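S.K.: Predicted structure and sequence below. I'll ask about it afterward.
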Amino acid sequence: MQQTKTDITRRGYGLSIFGGMLIALSSVFEAAYLLHTMGFSILQKVELTTETKIFLSLCIFLGFSAATLAFISAYLQWKGHIRIAGVSSILSSALALLNVVVPFVYGFEAYQIFALGVLLGVCLIGIGFELASYTPRVEWRGPILTSREVAVTAVLSAAYAVLIIVVKVPSPTGGYTHIGDLVVFIAALLFGCKVGGLVGIVGSVAADFYVGYERWFVSILAHGLEGAIPGLTRGKPFLLQALSCVIGGFLMATTYFFINVFIKGYPLALISYIRDLFVQAGVSIVVSLIIVKTVRKVIPQFG
């Protein structure tokens, strides 16, 4: 009986992950099909209206965010945090369903095949969560964020936003380049994934609002992942932390790359990708690792 329950819960994790992937793919194919109907190809330079750029960015952002939350839900289910996993599944489904409504808001046609893909993904997430409910429950102890974590998040988010605003370099392909991400990596490695993820989200969005970046919502996913992934290795060996920072930086740059492919075209998106990956993320990682290592020598409590 125990083995049967284990098999059922594993299927639940798999269905949640597959549902998230289906939602993400549906959003990507919908964006690609829309560009095709407008006579554009992602392999060439794309020139779109601001409204269309926002719609395409929002479409992919909602799909990828829903998928990410579905993956997080599966991870939390595996850990036994069923209640929080349920919240993550609900948020994932809500963002996915919102993606079905967004085309109507912006005056575009909602293609049934892609909407069906999203709905099927939502159903799979729901079924997966139900199956995974057989997992032995582990209650979440203590507050989600301690008062210390709230204070640190506020201070480092402000530092991150200021560093972006003050030390940003405009890019010829659009947007800007900065090395403010080093604050995100420092926050993650010293204080964990919750602080790292929140600093990445709050600081970047605050800076985007200040400079008037219209697709600010993309920063939530890109920099949230950039901070959360390295934070999982807090207190781990140095090489593992360095690798996690590389993964976080890669996910940040790749998120922007996927968006840029549809609103700029592959050539300009590739240039932006190289810039984000090797300059913004790369330099930030090197500097942050040096700072973190120095802080741990001076203040052993952070070791």
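M.R.: Perfect, I can see it now. Residues are numbered from 1 along each chain as shown.
S.K.: which strands and helices sit next to the least confident helix or strand in the chain by mean pLDDT?
M.R.: Among the helices and strands of the chain, strand 169-170 carries the lowest confidence by mean pLDDT, DSSP states H and E, at a mean of 72. In terms of contacts (3 or more CB pairs under 8 Å, 6 or more residues apart in numbering; DSSP states H and E), strand 169-170 is packed against strand 176-177. All C-beta spots, glycine's among them, are computed from the backbone N, C-alpha and C.
S.K.: partners of the strand it packs on, with directions?
M.R.: Looking at strand 176-177 with DSSP bridges, its partner strands are strand 169-170 (antiparallel).
S.K.: who touches the strand it pairs with?
M.R.: Strand 169-170 is contacted from outside by Tyr176, Thr177, His178, using CB atoms under 8 Å, 6 or more residues apart in numbering.
S.K.: Please compute how far that strand lies from its chain's middle.
M.R.: Strand 169-170 has its C-alpha centroid displaced from the chain centroid by 23 Å (CA atoms, centre = their mean, to the nearest Å).
S.K.: So that it lines up with my notes, have the first residue be 32 from now on.
M.R.: Understood, numbering begins at 32; the last thing we discussed is strand 200-201.
S.K.: Low-confidence ranges, the protein, go.
M.R.: Within the chain, the segments meeting pLDDT under 70 span 32-36, 166, 171-173, 203-206, 332-334.
S.K.: In it, which residue is most central in space?
M.R.: The chain has Leu252 as the residue nearest its centroid, 2.8 Å off, counting by CA atoms, centre = their mean.
S.K.: right, and it touches Phe92 too?
M.R.: Yes - using CB atoms under 8 Å, Leu252 is in contact with Phe92, at 6.2 Å.
S.K.: Not counting sequence-adjacent ones, nearest residue to Phe288?
M.R.: Tyr304 (4.2 Å; CB to CB, 6 or more residues apart in numbering).
S.K.: Next, the buried residues of the host helix or strand of Leu320.
M.R.: Secondary-structure assignment from DSSP states H and E places Leu320 in helix 313-329. The neighbour-count check on helix 313-329 (16 or more other CB atoms under 10 Å) flags Gly313, Val314, Ser315, Ile316, Ser319, Leu320, Ile322, Val323, Val326 as buried.
S.K.: got it, and stretch 136-153?
M.R.: Using 16+ other CB under 10 Å as the test for burial, stretch 136-153 gives Phe139, Tyr142, Phe145, Ala146, Gly148, Val149, Leu150, Gly152, Val153.
S.K.: Now do stretch 124-135: everything it contacts.
M.R.: Contact with stretch 124-135 is made by 54, 58, 86, 89-90, 93-94, 96-97, 100, 140-141, 146, 149-150, 152-153, 156-157, as judged by CB under 8 Å, 6+ apart.
S.K.: Ile196: which element?
M.R.: According to DSSP H and E, Ile196 maps onto helix 178-197.
S.K.: Now find how far off-centre that helix is within its chain.
M.R.: Worked out by CA atoms, centre = their mean, helix 178-197 lies 19 Å from the chain centre.
S.K.: same deal with stretch 93-100?
M.R.: What separates the centre of stretch 93-100 from the centre of its chain is 8 Å, taken as CA atoms, centre = their mean.
S.K.: Give me the contacts around it.
M.R.: By CB under 8 Å, 6+ apart, the list of residues contacting stretch 93-100 reads 51-52, 54-59, 119-120, 122-124, 126-127, 129-130, 133, 149, 152, 251-252, 256, 286, 289.
S.K.: Of the residues you listed, which belong to helices?
M.R.: Among the contacts of stretch 93-100, the ones falling in helices (DSSP state H) are 51-52, 54-59, 119-120, 122-124, 126-127, 129-130, 133, 149, 152, 251-252, 256, 286, 289.
S.K.: are any of these buried, and which?
M.R.: Burial by neighbour count, 16+ other CB under 10 Å: within those this picks out 51, 54-59, 119-120, 122-124, 126-127, 130, 133, 149, 152, 251-252, 256, 286, 289.
S.K.: May I have the residues that are in contact with the closest residue to Tyr137 other than its chain neighbours?
M.R.: Spatially, and ignoring its direct neighbours in sequence, Tyr137 is nearest to Phe86 (4.3 Å; CB to CB, 6+ apart). Taking CB under 8 Å, 6+ apart, we find Phe86 in contact with Val133, Pro134, Tyr137, Phe139.
S.K.: which of those lies closest to Ser188?
M.R.: Set against Ser188, the nearest of the contacts of Phe86 by CB to CB is Val133 (28.0 Å).
S.K.: Just give me the neighbour total for Gly280.
M.R.: 26 (other CB atoms under 10 Å).
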